[in-house]
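**Q** Here's my sequence, what's the structure:
(3 chains)
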Amino acid sequence: NPYNPKTPKSAIGRKPGGGAYAGFGEAPPTHSKALAAALASAAKPGKSLNFARHKETIATELYREFNRDGFGGALPEKFEITWNAKLLTTAGLTHYRKVTRSSGVSEYHARIELSTKVLDTAEKLEATLLHEMCHAAAWLLDKCAKPPHGSVFKKWAARVMRVYPVVRVDTCHSYQIHQPYKYRCTQSWCLQEYGRHSKSIDVDAKACGVCNGKLEFLGKFNADGTKAEEKKATAFSLFVKEHFGSVKERLPAGTPHKLVMKELSVQWKSGGGTGKKSRAGDESGNADAEKTLEGK
DNA sequence: ACTCATGATCGCAACTTTAA
DNA sequence: TTAAAGTTGCGATCATGAGT
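**A** Numbers count the residues shown, from 1 in each chain, chains lettered A, B, ... in the order given. Okay, here's the model as predicted:
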(Lines give C-alpha, C1' and ligand atoms only; values in the text may rest on other atoms or scores of the structure.)
Protein backbone atom coordinates (compact mmCIF):
# COMPACT_ATOMS: atom_id res chain seq x y z
CA ASN A 1 0.00 0.00 0.00
CA PRO A 2 2.11 2.89 -1.26
CA TYR A 3 1.82 6.19 0.52
CA ASN A 4 -0.26 8.76 -1.24
CA PRO A 5 1.08 12.26 -1.39
CA LYS A 6 -1.30 13.91 1.00
CA THR A 7 0.99 16.26 2.77
CA PRO A 8 0.96 17.65 6.28
CA LYS A 9 1.03 21.39 5.97
CA SER A 10 2.29 22.78 9.20
CA ALA A 11 5.88 22.23 10.15
CA ILE A 12 7.35 22.79 13.57
CA GLY A 13 6.65 26.06 15.29
CA ARG A 14 4.03 28.70 14.70
CA LYS A 15 2.72 29.84 11.42
CA PRO A 16 2.71 33.55 10.68
CA GLY A 17 -0.51 35.34 11.40
CA GLY A 18 -0.66 35.77 15.14
CA GLY A 19 2.61 37.58 15.17
CA ALA A 20 6.29 37.05 14.73
CA TYR A 21 7.75 33.61 14.33
CA ALA A 22 8.36 32.69 17.89
CA GLY A 23 10.65 34.12 20.16
CA PHE A 24 13.22 34.61 22.43
CA GLY A 25 13.00 32.00 25.07
CA GLU A 26 10.78 31.90 28.06
CA ALA A 27 8.53 34.52 29.57
CA PRO A 28 10.15 36.62 32.28
CA PRO A 29 10.12 35.27 35.83
CA THR A 30 6.91 35.67 37.73
CA HIS A 31 6.15 38.79 39.65
CA SER A 32 2.81 38.29 41.24
CA LYS A 33 2.47 37.30 44.87
CA ALA A 34 -0.45 35.03 44.00
CA LEU A 35 1.65 33.05 41.60
CA ALA A 36 4.54 32.82 44.01
CA ALA A 37 2.18 31.55 46.70
CA ALA A 38 0.46 29.11 44.39
CA LEU A 39 3.78 27.75 43.19
CA ALA A 40 5.06 27.40 46.72
CA SER A 41 2.04 25.46 47.92
CA ALA A 42 1.71 23.30 44.84
CA ALA A 43 5.32 22.29 44.45
CA LYS A 44 6.91 19.71 46.71
CA PRO A 45 10.03 21.05 48.38
CA GLY A 46 12.91 20.28 46.09
CA LYS A 47 10.69 18.99 43.32
CA SER A 48 9.45 21.10 40.47
CA LEU A 49 5.80 22.06 40.15
CA ASN A 50 3.43 19.80 38.29
CA PHE A 51 1.86 22.64 36.37
CA ALA A 52 -0.70 20.51 34.53
CA ARG A 53 -2.23 19.31 37.80
CA HIS A 54 -2.47 22.71 39.47
CA LYS A 55 -3.13 25.10 36.62
CA GLU A 56 -6.79 25.49 37.49
CA THR A 57 -6.06 26.57 41.05
CA ILE A 58 -3.24 28.80 39.90
CA ALA A 59 -5.53 30.47 37.35
CA THR A 60 -8.26 31.29 39.88
CA GLU A 61 -5.71 32.55 42.40
CA LEU A 62 -4.09 34.74 39.76
CA TYR A 63 -7.47 36.10 38.72
CA ARG A 64 -8.22 37.09 42.31
CA GLU A 65 -5.00 38.98 42.77
CA PHE A 66 -4.98 40.57 39.32
CA ASN A 67 -8.52 41.79 39.85
CA ARG A 68 -7.69 43.24 43.28
CA ASP A 69 -4.35 44.89 42.48
CA GLY A 70 -4.50 45.42 38.74
CA PHE A 71 -8.14 46.30 38.17
CA GLY A 72 -9.09 47.78 41.53
CA GLY A 73 -11.53 44.94 42.20
CA ALA A 74 -13.82 46.20 39.44
CA LEU A 75 -14.12 42.83 37.71
CA PRO A 76 -16.60 40.21 38.96
CA GLU A 77 -15.55 38.06 41.89
CA LYS A 78 -17.08 35.03 40.23
CA PHE A 79 -15.69 34.67 36.75
CA GLU A 80 -15.77 31.69 34.41
CA ILE A 81 -12.33 30.48 33.33
CA THR A 82 -12.30 27.30 31.26
CA TRP A 83 -9.52 25.26 29.65
CA ASN A 84 -9.65 24.16 26.02
CA ALA A 85 -7.38 21.40 24.70
CA LYS A 86 -8.14 22.20 21.08
CA LEU A 87 -6.64 25.67 21.04
CA LEU A 88 -3.31 25.00 19.34
CA THR A 89 -2.05 28.41 18.25
CA THR A 90 -4.15 30.65 20.48
CA ALA A 91 -3.05 31.05 24.10
CA GLY A 92 -6.32 32.48 25.38
CA LEU A 93 -9.70 33.86 24.34
CA THR A 94 -12.17 36.23 25.93
CA HIS A 95 -15.80 35.66 25.00
CA TYR A 96 -18.24 38.53 25.17
CA ARG A 97 -22.00 38.42 25.70
CA LYS A 98 -24.53 41.22 25.94
CA VAL A 99 -28.05 40.60 27.23
CA THR A 100 -30.56 43.40 26.71
CA ARG A 101 -33.64 43.07 28.90
CA SER A 102 -37.11 44.22 27.94
CA SER A 103 -36.60 47.19 30.26
CA GLY A 104 -33.85 48.33 27.90
CA VAL A 105 -31.10 47.75 30.43
CA SER A 106 -28.16 45.75 29.10
CA GLU A 107 -26.07 43.26 31.00
CA TYR A 108 -22.48 42.62 29.96
CA HIS A 109 -20.95 39.19 30.52
CA ALA A 110 -17.50 37.83 29.79
CA ARG A 111 -15.66 34.56 30.19
CA ILE A 112 -12.10 33.46 29.49
CA GLU A 113 -10.92 30.35 27.70
CA LEU A 114 -7.32 29.18 28.06
CA SER A 115 -5.28 26.78 25.96
CA THR A 116 -3.92 23.72 27.76
CA LYS A 117 -1.53 23.12 24.89
CA VAL A 118 0.00 26.58 24.62
CA LEU A 119 0.05 27.45 28.32
CA ASP A 120 2.39 24.83 29.70
CA THR A 121 4.16 27.01 32.27
CA ALA A 122 2.93 29.25 35.07
CA GLU A 123 4.64 32.27 33.51
CA LYS A 124 2.82 31.87 30.21
CA LEU A 125 -0.46 31.45 32.08
CA GLU A 126 0.25 34.59 34.10
CA ALA A 127 0.92 36.77 31.06
CA THR A 128 -1.99 35.36 29.06
CA LEU A 129 -4.53 35.65 31.86
CA LEU A 130 -3.56 39.27 32.45
CA HIS A 131 -3.94 39.93 28.72
CA GLU A 132 -7.40 38.34 28.61
CA MET A 133 -8.46 40.21 31.74
CA CYS A 134 -7.69 43.45 29.93
CA HIS A 135 -10.16 42.36 27.25
CA ALA A 136 -12.70 41.53 29.95
CA ALA A 137 -12.19 44.93 31.57
CA ALA A 138 -12.60 46.73 28.23
CA TRP A 139 -15.90 44.92 27.69
CA LEU A 140 -17.37 44.85 31.20
CA LEU A 141 -16.18 48.26 32.40
CA ASP A 142 -15.91 50.30 29.19
CA LYS A 143 -18.55 48.36 27.17
CA CYS A 144 -16.04 48.30 24.36
CA ALA A 145 -14.75 45.26 22.49
CA LYS A 146 -13.58 46.75 19.21
CA PRO A 147 -10.99 47.05 17.97
CA PRO A 148 -9.70 44.15 20.04
CA HIS A 149 -6.38 45.80 20.83
CA GLY A 150 -7.44 49.41 20.44
CA SER A 151 -6.99 52.33 22.80
CA VAL A 152 -9.37 50.94 25.43
CA PHE A 153 -7.44 47.69 25.67
CA LYS A 154 -4.12 49.54 25.70
CA LYS A 155 -5.31 51.72 28.57
CA TRP A 156 -5.84 48.63 30.76
CA ALA A 157 -2.66 47.00 29.51
CA ALA A 158 -0.63 50.07 30.51
CA ARG A 159 -2.32 50.19 33.89
CA VAL A 160 -1.70 46.57 34.84
CA MET A 161 1.86 46.68 33.56
CA ARG A 162 2.56 49.48 36.02
CA VAL A 163 1.34 47.14 38.77
CA TYR A 164 3.21 44.13 37.39
CA PRO A 165 6.23 45.62 35.64
CA VAL A 166 7.76 42.28 34.69
CA VAL A 167 4.64 40.87 33.03
CA ARG A 168 4.29 42.05 29.48
CA VAL A 169 0.79 42.58 28.07
CA ASP A 170 1.24 42.76 24.32
CA THR A 171 -1.25 42.81 21.48
CA CYS A 172 0.06 39.45 20.35
CA HIS A 173 1.91 36.78 22.19
CA SER A 174 4.70 34.68 20.75
CA TYR A 175 5.24 31.63 22.83
CA GLN A 176 7.32 28.67 21.91
CA ILE A 177 4.73 25.90 21.70
CA HIS A 178 6.13 22.54 22.67
CA GLN A 179 4.98 19.72 20.41
CA PRO A 180 6.12 16.44 21.98
CA TYR A 181 5.74 14.17 18.95
CA LYS A 182 8.26 14.73 16.17
CA TYR A 183 8.43 13.55 12.59
CA ARG A 184 11.05 14.14 9.90
CA CYS A 185 11.34 13.79 6.16
CA THR A 186 13.74 10.99 5.25
CA GLN A 187 15.09 12.71 2.12
CA SER A 188 18.66 13.67 3.02
CA TRP A 189 18.42 17.00 1.17
CA CYS A 190 15.12 17.91 2.86
CA LEU A 191 14.96 16.64 6.46
CA GLN A 192 11.95 18.87 7.17
CA GLU A 193 10.73 18.31 10.72
CA TYR A 194 7.11 18.19 11.84
CA GLY A 195 5.77 18.52 15.37
CA ARG A 196 2.42 17.34 16.71
CA HIS A 197 0.67 17.22 20.08
CA SER A 198 -0.36 13.62 19.52
CA LYS A 199 0.89 10.67 17.51
CA SER A 200 -1.30 11.78 14.67
CA ILE A 201 0.66 11.50 11.43
CA ASP A 202 0.29 8.24 9.54
CA VAL A 203 3.72 8.02 7.91
CA ASP A 204 2.46 5.38 5.48
CA ALA A 205 -0.38 7.57 4.28
CA LYS A 206 1.13 11.04 4.41
CA ALA A 207 4.23 12.49 2.83
CA CYS A 208 6.44 15.53 3.34
CA GLY A 209 4.67 18.79 2.56
CA VAL A 210 7.87 20.27 1.17
CA CYS A 211 9.27 17.55 -1.08
CA ASN A 212 6.75 14.71 -0.93
CA GLY A 213 9.38 12.45 0.58
CA LYS A 214 8.65 9.65 3.00
CA LEU A 215 8.29 10.65 6.63
CA GLU A 216 9.65 8.91 9.72
CA PHE A 217 8.51 9.08 13.33
CA LEU A 218 11.28 10.38 15.57
CA GLY A 219 9.53 9.71 18.90
CA LYS A 220 8.22 11.66 21.84
CA PHE A 221 10.29 14.46 23.32
CA ASN A 222 10.26 16.37 26.59
CA ALA A 223 10.09 20.14 26.75
CA ASP A 224 13.84 20.34 27.30
CA GLY A 225 14.45 18.45 24.06
CA THR A 226 15.46 15.14 25.60
CA LYS A 227 13.79 12.03 24.29
CA ALA A 228 10.97 10.61 26.38
CA GLU A 229 10.94 6.86 26.87
CA GLU A 230 8.47 5.13 24.60
CA LYS A 231 5.77 2.86 25.89
CA LYS A 232 4.93 -0.35 24.10
CA ALA A 233 1.35 -1.19 23.23
CA THR A 234 -0.63 -3.13 25.82
CA ALA A 235 -2.23 -6.49 25.05
CA PHE A 236 -5.62 -4.84 24.77
CA SER A 237 -4.26 -2.23 22.36
CA LEU A 238 -2.89 -4.98 20.16
CA PHE A 239 -6.25 -6.72 20.39
CA VAL A 240 -7.96 -3.55 19.18
CA LYS A 241 -5.44 -3.25 16.37
CA GLU A 242 -6.04 -6.82 15.25
CA HIS A 243 -9.79 -7.06 15.59
CA PHE A 244 -11.30 -3.62 15.19
CA GLY A 245 -11.96 -4.08 11.49
CA SER A 246 -13.63 -7.47 11.72
CA VAL A 247 -15.71 -6.56 14.79
CA LYS A 248 -16.95 -3.42 13.06
CA GLU A 249 -17.75 -5.45 9.95
CA ARG A 250 -19.90 -7.82 11.99
CA LEU A 251 -21.98 -5.00 13.50
CA PRO A 252 -24.75 -3.18 11.62
CA ALA A 253 -23.59 -0.46 9.26
CA GLY A 254 -23.33 2.90 10.93
CA THR A 255 -22.69 1.52 14.41
CA PRO A 256 -21.01 4.32 16.36
CA HIS A 257 -17.35 3.96 17.29
CA LYS A 258 -18.25 3.88 20.97
CA LEU A 259 -20.34 0.72 20.55
CA VAL A 260 -17.65 -0.95 18.46
CA MET A 261 -15.28 -0.39 21.38
CA LYS A 262 -17.88 -1.84 23.76
CA GLU A 263 -18.17 -4.93 21.59
CA LEU A 264 -14.38 -5.25 21.46
CA SER A 265 -14.42 -5.08 25.24
CA VAL A 266 -16.93 -7.96 25.36
CA GLN A 267 -14.84 -10.02 22.94
CA TRP A 268 -11.72 -9.29 24.97
CA LYS A 269 -13.29 -10.42 28.22
CA SER A 270 -14.68 -13.60 26.69
CA GLY A 271 -11.19 -14.72 25.86
CA GLY A 272 -10.14 -13.10 22.62
CA GLY A 273 -13.16 -13.58 20.38
CA THR A 274 -11.43 -15.51 17.63
CA GLY A 275 -10.73 -18.37 19.97
CA LYS A 276 -7.30 -18.91 18.48
CA LYS A 277 -5.59 -18.13 21.74
CA SER A 278 -7.04 -18.85 25.14
CA ARG A 279 -6.60 -16.29 27.88
CA ALA A 280 -8.25 -18.55 30.43
CA GLY A 281 -5.03 -19.00 32.36
CA ASP A 282 -4.54 -15.26 32.64
CA GLU A 283 -8.06 -14.80 33.90
CA SER A 284 -7.79 -17.35 36.68
CA GLY A 285 -4.55 -15.66 37.65
CA ASN A 286 -6.32 -12.35 37.90
CA ALA A 287 -9.10 -13.90 39.94
CA ASP A 288 -6.56 -15.22 42.38
CA ALA A 289 -4.98 -11.82 42.71
CA GLU A 290 -8.38 -10.36 43.48
CA LYS A 291 -9.06 -12.92 46.17
CA THR A 292 -5.76 -12.14 47.77
CA LEU A 293 -6.85 -8.54 48.06
CA GLU A 294 -10.22 -9.41 49.47
CA GLY A 295 -8.71 -11.71 52.07
CA LYS A 296 -6.65 -8.97 53.55
C1' DA B 1 -0.32 9.30 30.84
C1' DC B 2 -0.05 6.36 27.23
C1' DT B 3 -1.03 2.13 23.84
C1' DC B 4 -4.49 0.71 19.51
C1' DA B 5 -8.46 2.36 15.51
C1' DT B 6 -11.49 5.63 13.55
C1' DG B 7 -15.77 8.73 13.41
C1' DA B 8 -17.01 13.12 15.49
C1' DT B 9 -15.74 17.47 16.61
C1' DC B 10 -13.96 21.92 16.22
C1' DG B 11 -9.94 25.20 15.63
C1' DC B 12 -8.23 27.80 12.12
C1' DA B 13 -6.52 29.11 7.63
C1' DA B 14 -7.98 30.25 3.29
C1' DC B 15 -11.40 31.89 0.55
C1' DT B 16 -15.63 34.86 -0.55
C1' DT B 17 -18.54 38.55 0.42
C1' DT B 18 -19.77 43.04 2.38
C1' DA B 19 -18.67 47.62 4.19
C1' DA B 20 -16.25 51.79 3.84
C1' DT C 1 -8.26 49.31 -2.49
C1' DT C 2 -8.43 47.60 1.91
C1' DA C 3 -10.22 45.89 5.78
C1' DA C 4 -13.46 43.50 8.14
C1' DA C 5 -16.84 40.02 8.38
C1' DG C 6 -18.91 35.78 6.88
C1' DT C 7 -18.29 30.98 4.86
C1' DT C 8 -16.11 26.63 4.00
C1' DG C 9 -13.09 22.75 4.01
C1' DC C 10 -8.96 20.59 5.98
C1' DG C 11 -6.88 18.21 9.33
C1' DA C 12 -5.38 17.66 14.33
C1' DT C 13 -7.33 16.14 18.45
C1' DC C 14 -10.84 13.93 21.28
C1' DA C 15 -13.66 9.98 22.66
C1' DT C 16 -13.82 5.21 23.80
C1' DG C 17 -12.79 0.49 25.57
C1' DA C 18 -8.86 -2.15 29.22
C1' DG C 19 -4.37 -2.51 30.88
C1' DT C 20 0.33 -1.03 32.42
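**Q** C-alpha only now, for contacts and for neighbours.
**A** OK.
**Q** Model confidence score at the residue lying closest to A:Lys55 once chain neighbours are set aside, please.
**A** For A:Lys55, ignoring the flanking residues on the chain, the nearest one in space by C-alpha to C-alpha, 6 or more residues apart in numbering is A:Ala122 at 7.5 Å. Looking at A:Ala122, its pLDDT reads 87.
**Q** Check A:Lys269 too.
**A** 89.
**Q** got a list of what the residue most central in space within chain A touches?
**A** What sits nearest the mean C-alpha location of chain A, by C-alpha atoms, centre = their mean, is A:Lys117, with 2.7 Å. The contact partners of A:Lys117, by C-alpha atoms under 8 Å, 6 or more residues apart in numbering, come to A:85-88, A:177-178, A:197.
**Q** mind redoing it with 7 Å?
**A** For A:Lys117, the contact set (C-alpha atoms under 7 Å, 6 or more residues apart in numbering) comprises A:85, A:87-88.
**Q** Could you check which helix or strand contains A:Ala157?
**A** helix A:151-163 (DSSP states H and E).
**Q** and that helix, what does it pack onto?
**A** For helix A:151-163, the elements it packs on are helix A:122-140, judged by 3 or more C-alpha pairs under 7 Å, 6 or more residues apart in numbering; DSSP states H and E.
**Q** Show me which residues of the helix it packs on are buried.
**A** For helix A:122-140, the buried set under the neighbour-count rule, 16 or more other C-alpha atoms under 10 Å, comprises A:122-140.
**Q** and if you look at stretch A:202-214?
**A** By neighbour count on 16+ other C-alpha under 10 Å, the buried set for stretch A:202-214 is A:203, A:206-209, A:212-214.
**Q** Go through the residues you listed and say which is closest to A:Ser106.
**A** Nearest to A:Ser106 among the buried residues of stretch A:202-214, counting by C-alpha to C-alpha, is A:Gly209 at 50.1 Å.
**Q** confidence score at that closest one?
**A** 85.
**Q** and what of the one 3 residues further on?
**A** The model reports A:Asn212 with a pLDDT of 87.
**Q** what's the spacing between the helix holding A:Ala157 and its chain's center?
**A** Remark: helix A:151-163 is offset 28 Å from the chain centroid, using C-alpha atoms, centre = their mean, to the nearest Å.
**Q** is it up against DNA strand C anywhere?
**A** No: between helix A:151-163 and DNA strand C, judged by C-alpha under 7 Å from any atom of the strand, nothing touches; the nearest distance is 13.1 Å.
**Q** That helix: what's the following helix or strand?
**A** Heading C-terminal from helix A:151-163 (DSSP H and E), you reach strand A:181-185.
**Q** Taking helix A:122-140 as reference, get the angle to the helix or strand harbouring A:Arg111.
**A** Take DSSP H and E as the rule and A:Arg111 turns out to sit in strand A:106-115. Orientation note: strand A:106-115 sits at an angle of 160 degrees relative to helix A:122-140 (axes from the mean of the first three to the mean of the last three C-alpha atoms, to 10 degrees).
**Q** what residues does the stretch 51-200 of chain A put near DNA strand B?
**A** A:52-53, A:86-90, A:198-199.
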